[in-house]
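A.B. asks: dropping the sequence and predicted coords here.
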Amino acid sequence: MTQPPQDHTSPRRAGVFRRRGTVGDPAATDSRRRTRYVDDGRLSVPPRSTSVDDATRFTEESANRTALLLYPSPTPDDVAELATAWELHPVLVEDLLHAGQRPKLERYDDTLFLVVRSAWYIDATEDVDFAEFHILVRPRAVAVFCQDARWIDGVDADDASGAADRGEQTLLADEKLLRHGPEAIVYRLLDAIVDGYSPVLRGIAVDKEQIERQVFRGDSAVTERIYRLSQEVIDLQQATSGLSEVLAALRDGFTRYDIPDELQTYLQDVDDHLRRIGTQVAELRESLSQILTVNGTLVAQRQNEDMKKISGWAAILFAPTLIGAVYGMNFDNMPELHWTFGYPLAVGGMIAFALVLFLVFKKQKWM
């Protein structure tokens with residue numbers, strides 16, 4: 001397998017990570033782990049009571065054997081059992097117990113640890129949701145933890161066809177590829193995750209088109225929608241860029257770990273697809289940024305038009321106010337104060353002054 005950026009080699013420690021079941025935690029005997037055996041590409045189903053140690057003994061009997069341990073809703077006892085059987089590094093066990101990590105690839109002794117995130121689009125709320133997966137790869141064995149108890153497409157582990165069934169169908173469908181060992185299972189998972197990004201992009205693209213129409217209609221609520229969708233795109237970009245780093249680390253180990261050419265080609269295809277996804281995500285983010293700029297410009301333009309109208313009416317109202325203010329002064333000696341036509345002249349002047357200003361502003365398209 002690949003030599004990742006970090007190496008946590010240390011003396012083995014066994015049996016020190018098992019935790020007592022707390023209130024509400026399923027016991028280890030109630031584990032929902034799905035165990036599957038692959039012997040030279042041929043899939044077989046062991047008994048339900050098969051333990052991690054049993055799976056390890058199965059793989060040790062032949063170099064062509066692989067065991068898949070799929071945890072659709074992992075518990076602390078599941079992690080403890082695996083840590084004891086595989087003698088996992090304490091730091092690795094701590095990572096398995098805590099989700100919410102960025103995509104990464106690390107090596108602990110002979111175990112490769114990957115964190116990846118899938119995504120799916122929720123049209124009703126215009127949200128992008130994510131599921132985190134922790135993958136452990138050893139010679140002839142691989143363990144997949146669905147940290148959010150959901151599969152790549154968001155199917156819950158408790159559904160009739162839940163994460164375990166979906167996971168088995170996704171990871172073990174290609175018998176020819178399975179002959180290449182646990183790496184083939186990992187690459188199948190990465191391929192499925194990358195394929196899941198495309199529907200997300202289509203959903204976001206539809207929202208973007210709707211937002212563009214809202215912007216040019218002058219919808220005042222569109223700004224918040226732009227910000228919310230931009231945040232979803234940023235989250236998706238973080239997931240895809242992190243996965244790109246994981247794939248780059250895997251490629252770096254092709255020669256060192258003698259990865260078969262077929263798997264190299266398979267991973268290169270996944271990487272090419274992810275690069276296209278990354279380009280589309282970047283374009284969407286840039287497009288939303290431009291839409292936000294255009295929306296800000298249109299809002300400023302509309303505000304400027306409003307200010308023109310407000311200024312025009314203020315000037316029109318100023319004319320009668322000016323005349324009224326002059327004749328409202330309490331002076332005894334004022335021209336036309338006692339003149340018979342003084343009042344009609346003042347009112348007429350107010351109307352004429354306001355009318356002239358209105359026509360001028362109308363011609364200038366301020367009204």
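C.D. replies: Everything's here; your move. Numbering: from 1, shown residues only.
A.B. asks: please count neighbours and contacts with C-alpha atoms only from this point.
C.D. replies: Will do.
A.B. asks: what's the biggest helix by length in the chain packed up against?
C.D. replies: Secondary structure of the chain read by DSSP state H shows that its longest helix is helix 261-327. The elements that helix 261-327 packs onto, with contact taken as 3 or more C-alpha pairs under 8 Å, 6 or more residues apart in numbering; DSSP states H and E, are helix 182-217, helix 222-252, helix 342-363.
A.B. asks: now the ones you listed as CSV including distance to residue 98?
C.D. replies: As requested, the helices and strands packed on helix 261-327 are exported to CSV (distance: least, C-alpha to C-alpha, whole Å):
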stretch, distance to residue 98
helix 182-217, 21
helix 222-252, 18
helix 342-363, 67
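A.B. asks: would TSV of these with mean pLDDT, mean neighbour count and distance to residue 64 be doable?
C.D. replies: Supplementary listing: those in TSV, determined by pLDDT from 0 to 100; neighbours: other C-alpha atoms under 10 Å; distance: least, C-alpha to C-alpha, whole Å:
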stretch	mean pLDDT	mean neighbour count	distance to residue 64
helix 182-217	90	19	10
helix 222-252	88	18	22
helix 342-363	74	15	87
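A.B. asks: so which of those gets nearest residue 60?
C.D. replies: When these are ranked by distance to residue 60, counting by C-alpha to C-alpha, first place goes to helix 182-217 at 13.7 Å.
A.B. asks: now do the closest one against helix 222-252, angle only.
C.D. replies: In this structure, helix 182-217 runs at an angle of 160 degrees to helix 222-252, with axes from the mean of the first three to the mean of the last three C-alpha atoms, to 10 degrees as the basis.
A.B. asks: taking their axis directions, helix 182-217 and helix 261-327 sit at what angle?
C.D. replies: For the pair helix 182-217 and helix 261-327, the angle between their directions (the same axes, to 10 degrees) equals 20 degrees.
A.B. asks: would you mind measuring from residue 203 to residue 275?
C.D. replies: According to C-alpha to C-alpha, to the nearest Å, residue 203 and residue 275 sit 19 Å apart.
A.B. asks: where along the stretch 51-200 of the chain do the strands fall?
C.D. replies: Counting by DSSP state E, counting those that start in this stretch, the segments of the stretch 51-200 of the chain that form strands are 65-71, 104-108, 111-122, 127-138, 141-146.
A.B. asks: so can I have JSON lines of these showing mean neighbour count?
C.D. replies: Putting the strands of the stretch 51-200 of the chain into JSON lines (neighbours: other C-alpha atoms under 10 Å) gives the following:
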{"stretch": "strand 65-71", "mean neighbour count": "25"}
{"stretch": "strand 104-108", "mean neighbour count": "21"}
{"stretch": "strand 111-122", "mean neighbour count": "22"}
{"stretch": "strand 127-138", "mean neighbour count": "21"}
{"stretch": "strand 141-146", "mean neighbour count": "24"}
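A.B. asks: tell me which of the ones you listed sits nearest to residue 360.
C.D. replies: Of the strands of the stretch 51-200 of the chain, the one closest to residue 360 (C-alpha to C-alpha) turns out to be strand 127-138, at 51.0 Å.
A.B. asks: what mean pLDDT does the closest one have?
C.D. replies: Confidence over strand 127-138, taken as the mean pLDDT, stands at 92.
A.B. asks: and the angle from that strand to strand 141-146?
C.D. replies: 160 degrees.
A.B. asks: who does the residue nearest to residue 122 when sequence neighbours are not counted form a beta bridge with?
C.D. replies: Distance criterion C-alpha to C-alpha, 6 or more residues apart in numbering; nearest residue to residue 122, sequence neighbours excluded, is residue 128 at 6.1 Å. Beta bridges link residue 128 to residue 121 when assigned by DSSP bridges.
A.B. asks: just checking, residue 128 touches residue 117?
C.D. replies: No - Residue 128 sits out of contact with residue 117 when judged by C-alpha atoms under 8 Å, with a separation of 11.9 Å.
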